[in-house]
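Visitor: predicted coordinates and the sequence they were generated for:
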Amino acid sequence: MNESAEPPRQATSTSQSGRILNTIRLLRDVAQDLMTAFRRGRGERSNDKGRELTIGFDGYPFVEPLTGIGHYAYHILKNIDGRGRVRINLYTHTLIPEKRAPGLFIPLDHLKNVRYRCYPIPEKILFGTRFWFGVGAAVVTPLFVAFDRNDVFFAPNYVAPKLFWVMGKKVITVHDCTFAFYPELLRAETLKHLVKHLPREVKGAAQIITDSAQTKMDIQQIYALPPEKIQVISPGNPIRNSRATLNLKMPYVLFVGTLEPRKNIAALLDAYEIIRRGGIHLHLYLVGKIGWGSRLILEKIRSHPFGEDIFQVSYVPSEHLPVYYKKAFCLAYPSLYEGFGFPVLEAMSLGCPVITTRLSSLPEVGGDACYYVEPDPASIAAGIVVLHGNEQLRKDLIERGRRQAQKFSWEACAGKTLEVLAQAAAR
């Protein structure tokens, strides 16, 4: 007798019925909300007088742990929410596997005027979760973008997702032009993406926002754009003070940022060797995730003659980062190119004196509150030596830094961004 281990037919039938039922429920929920969006969008258009400004918002910077651009986008979203008659439609992946839903790394509960639609994909569903995830990205999200009839669409990360194919008027933020001036410092896929898509974005945008005057000049130079199309809006300070305590090796020079060639960390490591051989005993903390092109940097750390006093910290909880700034002898930030330079602003706000370069946008952020050096090891080392031997200068930089940091706020940034979005919508 053949006793093969076939599953009971009834169990198989029940499982298939569950998949069918889950599929029907998902399609029903999506279809109902699409129809509601279509009717609402058409109704709002027929009653233009006195209605809300409706902003479409690219939420893809929120689908992974927040980077600098993610923090920028979140502060804009949070500070625009609740300002006057404004409605924000936030778009990311609409259909998301239920284990990952809602798929965002930001809280939404406190945002009163933000609409975000997310439909969990059950594990047991016809065709599988991957199929429906793709349908959400290629079909459902673009339909919501179209039916919502947004007055203007805001893309805070250079380019809008290519599948958002119905957007109308659009405002984009270009944070820097590393892709044009230092292409060798970017990942190949990032460079390819920006070179391919950014020309279309800057041409099609109603307005472009940059974080600094330097980036505005760079964008004008690259794409021959009229200056009135580009608005400079400085970001706010992303860091908050903290009462956390840490046991750190004191005293120390601090670097904060992704470990990548653009940050000029190799020169900082050489400068550190110079000051140590000169008799100045400071530790060195390199705080930031390991980025593209970091292999040579990591090898340099491992082989450094004073490597036992160098601490590379890839991940720091947000409540701990202020402690690193407040306890540091100084921040050394010899970056080769920045669209803004958040670590400079963060350090100044927390009473940490800053040594940085005059390259790109860094003087716009630092003003007269930083000690400026050239990006070579000898100049960086000389700056640390000067600060080490002049306590009064260090105190002056701390005082000036606190004043300089007060010039930047997310409230002002969001208010100016909303003005640009409203102007673009009115055209």
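Guide: That came in fine, so what should we check first? Just so it is clear, the model here is predicted, and its values are computed rather than measured.

Visitor: when you work out contacts or count neighbours from here on, use the C-alpha atoms and nothing else.
Guide: Will do.

Visitor: count of neighbours near Ile398?
Guide: Neighbourhood size, Ile398 [other C-alpha atoms under 10 Å]: 23.

Visitor: so how far is Ala206 from Ile274?
Guide: Distance from Ile274 to Ala206, counting by C-alpha to C-alpha, to the nearest Å: 50 Å.

Visitor: who has more neighbours, those two?
Guide: Taking other C-alpha under 10 Å, Ile274 and Ala206 do not tie; Ala206 has more neighbours (22 against 18).

Visitor: which residue sits closest to Ser379, ignoring its sequence neighbours?
Guide: Spatial nearest neighbour of Ser379, excluding adjacent residues (C-alpha to C-alpha, 6 or more residues apart in numbering): Val373 at 5.7 Å.

Visitor: right, and the one you found touches Ala381 too?
Guide: No. Between Val373 and Ala381 there is no contact under C-alpha atoms under 8 Å: 9.1 Å.

Visitor: which residues sit against stretch 375-392?
Guide: Contacts with stretch 375-392, where a contact means C-alpha atoms under 8 Å, 6 or more residues apart in numbering, come from 264, 267-272, 274-275, 280, 332, 334-336, 355, 357, 371-374, 393-394.

Visitor: for Gly279, see how far away the residue nearest to Glu52 when sequence neighbours are not counted is.
Guide: Residue nearest to Glu52 in three dimensions, not counting chain neighbours: Arg85, with 4.7 Å by C-alpha to C-alpha, 6+ apart. Here the criterion is C-alpha to C-alpha. By it, Arg85 lies 62 Å from Gly279.

Visitor: what about those two, which has more around it?
Guide: Arg85 (12 against 8).

Visitor: which SSE is the closest residue to Gly18 other than its chain neighbours in?
Guide: In space, and not counting its chain neighbours, Gly18 is closest to Lys124: 7.1 Å by C-alpha to C-alpha, 6+ apart. Per DSSP states H and E: Lys124 is located in neither a helix nor a strand.

Visitor: if we can go back for a sec, tell me the contacts of the residue nearest to Ser379?
Guide: Contacts for Val373 were tallied using C-alpha under 8 Å, 6+ apart; they are 334, 355-358, 379-380, 383.

Visitor: in these, find the pair that's most separated.
Guide: By the measure C-alpha to C-alpha, these have their two most distant members at Arg358 and Gly383, which lie 13.2 Å apart.

Visitor: now do the shared contacts for the two.
Guide: Common neighbours of Arg358 and Gly383 (C-alpha under 8 Å, 6+ apart) are 372-373.

Visitor: circling back to that earlier point, verify the stated contact: the residue nearest to Glu52 with Leu53.
Guide: Yes. Look at Arg85 against Leu53 with C-alpha under 8 Å: they come within range, at 6.2 Å.

Visitor: neighbours of the closest residue to His320 other than its chain neighbours, just the number please.
Guide: Computed as C-alpha to C-alpha, 6+ apart, the closest residue to His320 that is not its neighbour in sequence is Ala244, at 6.2 Å. Ala244 has 10 neighbouring residues, counting by other C-alpha under 10 Å.

Visitor: let me know whether Ala244 touches Glu319 as I believe.
Guide: Yes. Using C-alpha under 8 Å, Ala244 is in contact with Glu319, at 6.6 Å.

Visitor: quick check: domain ranges of the protein?
Guide: Taking automatic domain parsing as the reference, the chain has its domains at 19-38+45-236+414-426, 252-405.

Visitor: dump those domains into CSV; add mean pLDDT as well.
Guide: Formatted as CSV, the domains of the chain follow (pLDDT from 0 to 100):
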stretch, mean pLDDT
domain 19-38+45-236+414-426, 91
domain 252-405, 96
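
Visitor: most tightly packed of the ones you listed?
Guide: Most buried of those by mean neighbour count (mean count of other C-alpha atoms under 10 Å) is domain 252-405; its value is a mean of 19.

Visitor: Glu260 contacts Lys289, correct?
Guide: No. The criterion here is C-alpha under 8 Å, and Glu260 misses it with Lys289 at 9.2 Å.

Visitor: which SS class is the closest residue to Arg115 other than its chain neighbours?
Guide: In this structure, Arg115 finds its nearest non-sequential neighbour in Asn89, 4.9 Å apart by C-alpha to C-alpha, 6+ apart. Here Asn89 is strand, with the state taken from DSSP: H, G, I helix; E, B strand; the rest coil.

Visitor: please list all residues in contact with Asn89.
Guide: By C-alpha under 8 Å, 6+ apart, the neighbours of Asn89 are 54-57, 114-116, 148, 150.

Visitor: closest one of these to Arg403?
Guide: Closest approach between the contacts of Asn89 and Arg403, by C-alpha to C-alpha: Phe57, at 33.0 Å.

Visitor: give me the phi and psi for the closest one.
Guide: Phe57 adopts backbone torsions of phi -130, psi 120, taken as degrees, to the nearest 10.

Visitor: with Gly293 instead?
Guide: phi 70, psi 20.

Visitor: mind checking how far the closest residue to it other than its chain neighbours is from Tyr337?
Guide: Distances taken as C-alpha to C-alpha, 6+ apart place Glu260 nearest to Gly293, at 5.7 Å, with adjacent residues excluded. Distance of Glu260 to Tyr337, computed by C-alpha to C-alpha: 12 Å.
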